[in-house]
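S.K.: Quick one: sequence plus predicted model below, questions after.
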Amino acid sequence: MKHMTETQLSELEKDLNAIRDEVIADLGERDAQHIRRMVRLHRMLEVGGRVMMPLGVIPPVFVAATATLGAAKILENMEIGHNVMHGQYDWMNDPGLHSQTYEWDTVCTGDSWRRTHNYEHHTYTNIIGKDRDYGYAVLRLSDDEPWKPWHALQFINYVLLSVFFQWGVGLHELETEKLRRREISWREKLPFLKEFARKGGRQAFKDYVFFPLVTFPVAPIVLAGNLGANLIRNLWSSTVIFCGHFTQGAETFSEEECEGESKGHWYLRQLSGSSNFTGGRWLHILSGHLSYQVEHHVFPDLPAHRYPEISGKVQAVCQKHGIHYNTGSFARQYGTVLKRILRHSLPERLGGGAATTA
Amino acid sequence: MLAKQARSRTLHWLGRQLFNRDDPAGFFDPLLEPIKPMWVQGYTPARVEQIIQETPDTKTLVLQPSRRWPGFRAGQHVNICIDVGGIRRNRSFSLSSSPILWQEQGRATLTIKRLPGGRVTNWIHDDLQTGTVIGIGEAFGDFQIPEPAQPVLFIAGGSGITPVLSQLATMAATNYRAPVTLLYFVRTADDVIARETLQALAARYGALTLHIITTHETDAPRYLCDADLDAIPGIKARQVYLCGPKGLMDLARELLHQHGIADTDIHSTFFSVPQANLGNEALGGQVRLSGSGLDVGSEGDASLLDIAEAAGLSPRYGCRMGICHQCSCRKTAGTVINRLTGQASGPGEENIQLCISVPRGPVSIDI
């Protein structure tokens, strides 16, 4: 990470706060309209997908229904759920869009997500040993983590994690690595497991029992379509999220260098630990604007559709302070993610890990 | 049809499983709002049928609430909920019509004065159009006329007339058999709200004596005085109802006491937020916001809502004056003072309203 003095860091903090204050002062009708439009679109996609699904005996309709339901889940999880739970729309005072009570269409409970993502990941971003999102305790993505033989097959783990992503995210708070090391007991995790079972059961019941049953004669079609929709969402969201922190040049940090850090240092860490990808308006919406991961990590509670508007200003601040602003096309960024997973499958001396700071 | 479904427990359970929300019927609201706003389930909708300009700064909204609205009793208030500048705002207003109008025609009216600098009242006066659908809450308040009939005196000031209008209309319609006097104080003759309505009531309801008193049309202000009360026959036997600005209510209470009327016979409704004298006990303290893992200090009589907002949180809130309970949350430990009553809470776990709770010593709340 670029070294900056405390004076420089407080200058950085001031520059970024100015961008934030400007947006906060301007929040209003336009932002409310954006999120309401997204919610309306989600309802149309979900209703449309569910209604079309039983007609999926006709192959093109099956494809359309599955894609529509998949898009509904993606929109709800990424642009609505994730952003609402960050508190981006709390100022609207709409009980249906309130961060602390929102519940989304995925296995992970809102409460668990608020703890592991909003608090842990966004506070300790990319600090090896503290940010459990860094590799999700199954992938070795930095040479700061010692190599173990089972890392050699981690690409299989990566594929499995992507395919079953909603279950992985749902179980994230179980902290299996700590259970294995016996730092915590299963008994302590019982309340979490109960919540997980309730929500996971609810999601599985809906997609794999209820809707197939009510459309009994075509149950296999509906079951397959619902599985497909969940799979599309799982693959897409895991891909977007991996592009946010695991690209080439997205930095990691040690606990020591972040101890007692200032807000300016936290800002610097968010800027250097995150990465964007470029694309059209709908690519940004379907990624919940996590394609602007840098802006999101610096300002997690600003309405996400504002990130494209402030991106230029954030880049100017980065340039002023000599901080690398990590962006590239979707294909390029994802390519470096795959390379990173493969390279760290091997120990440092074999994997050529010395080639980059990552 | 949707409402019927929601009432069925099984369907409600099923809805919760399918839509991940405690009000499953509300899932479809975003689709209904633009086409059938009166069908929404997330809140009780009410259509603005007509807007009547009462005085230069007062309007009456004639509302047609959805049939599932439970109705009200004369003298009660409601919260209405509207989006202004993308922000959902809840405000309490008095219902100015008689419940009979609701029962017979499905209508209810709110009479609303423009408050200088008020976001909601100014929006209602400048931007609200007929045909708009707003949210309406359940009626509340216990500013109610005595049953069986007893002699009554109303002392109202300015827009404090609104709940009295509802009561007078009801009394006239039910032919309330006891003397009723209204002393209505307004700044100038232009500020009389519902003048025709009042005069029509006085004409057809013989028990009503109406005095409209202008306070600011003479060189020296003409406020409520002893002579006003002396002129009321049998004042000692009357139940007195006060509704108006704080200055008028305080003055009326003092003069009524001098006339030997006990506090138990004087009833008042809120108009401006009453503030209890919180004294100089050590207010403020360390506040633990356990849901978000924050600890913040507070000094003086800042409410927990203000404290939480200053700490960067955005708890749900509504009226910010202790009425609507939107901001109710769980206090897990510590003592808070109710800003309206000055009463101290118990030290244990209980539900409190953030907007009127002031910490006294360390407090933990679950947000």
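M.R.: Done, it's in. This is a predicted model, so every value here is computed, not measured. Residues are numbered from 1 along each chain as shown, chains lettered A, B, ... in the order given.
S.K.: ok, the closest residue to residue A:195 other than its chain neighbours to residue A:191 distance?
M.R.: Nearest residue to residue A:195, sequence neighbours excluded (C-beta to C-beta, 6 or more residues apart in numbering or on different chains): residue A:109, at 5.2 Å. Heads up, the C-betas are built off the backbone N, CA and C, glycines and all. Remark: distance between residue A:109 and residue A:191 (C-beta to C-beta, to the nearest Å) = 11 Å.
S.K.: and what of residue B:133?
M.R.: From residue B:133 to residue A:191 the distance is 42 Å (C-beta to C-beta).
S.K.: How many neighbouring residues does residue 142 have?
M.R.: Unless you meant another one, I'm taking chain A. Other residues near residue A:142 come to 20 when the count uses other C-beta atoms under 10 Å in any protein chain shown.
S.K.: Switch to chain B, please.
M.R.: Count around residue B:142 with other C-beta under 10 Å applied: 9.
S.K.: ok, for whichever residue of the stretch 251-358 of chain A sits closest to chain B, nearest residue in space, not its chain neighbours?
M.R.: For the stretch 251-358 of chain A and chain B, the shortest gap (C-beta to the nearest C-beta) falls at residue A:301, measuring 8.6 Å. With C-beta to C-beta, 6+ apart as the criterion, residue A:301 has its nearest non-adjacent residue at 4.6 Å, and that residue is residue A:87.
S.K.: do the same with residue A:105
M.R.: Sequence neighbours aside, residue A:76 is the residue nearest to residue A:105 in space, at 4.9 Å (criterion: C-beta to C-beta, 6+ apart).
S.K.: for that neighbour, what are its contacts?
M.R.: Residues near residue A:76 by C-beta atoms under 8 Å, 6 or more residues apart in numbering or on different chains: A:42, A:46, A:104-105.
S.K.: returning to that earlier point: neighbour-wise, which of residue A:109 and residue A:191 wins?
M.R.: residue A:109 (21 against 9).
S.K.: any idea which helix or strand comes after the helix or strand encompassing residue B:209?
M.R.: Using DSSP states H and E, residue B:209 falls within strand B:208-214. Using DSSP H and E, the helix or strand that directly follows strand B:208-214 along the chain is helix B:226-230.
S.K.: C-terminal to the helix or strand where residue B:60 lies, what's the next element?
M.R.: Using DSSP H and E, residue B:60 sits within strand B:58-65. Where DSSP H and E defines the elements, the next helix or strand beyond strand B:58-65 is strand B:77-84.
S.K.: Name the residues that touch that next one?
M.R.: A:32, B:43, B:46, B:72, B:88-95, B:110, B:119-120, B:123-124, B:128, B:134-141, B:163, B:269, B:318-319, B:323-324.
S.K.: Let's see that strand as PDB, backbone CA atoms only.
M.R.: Taking C-alpha atoms only, strand B:77-84 is exported to PDB below (Å, rounded to 0.1, in the frame of the first residue of the first chain):
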ATOM      1  CA  HIS B  77     -56.500  12.600  15.600                       C
ATOM      2  CA  VAL B  78     -54.800  10.600  12.900                       C
ATOM      3  CA  ASN B  79     -51.300  10.200  11.400                       C
ATOM      4  CA  ILE B  80     -51.100  10.800   7.700                       C
ATOM      5  CA  CYS B  81     -48.200   9.600   5.700                       C
ATOM      6  CA  ILE B  82     -47.000  11.300   2.500                       C
ATOM      7  CA  ASP B  83     -43.800  11.400   0.400                       C
ATOM      8  CA  VAL B  84     -42.200  14.800   0.200                       C
END
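S.K.: Show me which residues of the very next helix or strand once past that strand are buried.
M.R.: Where DSSP H and E defines the elements, the next helix or strand beyond strand B:77-84 is strand B:87-94. By neighbour count with 16 or more other C-beta atoms under 10 Å in any protein chain shown, strand B:87-94 contains the buried residues B:87-94.
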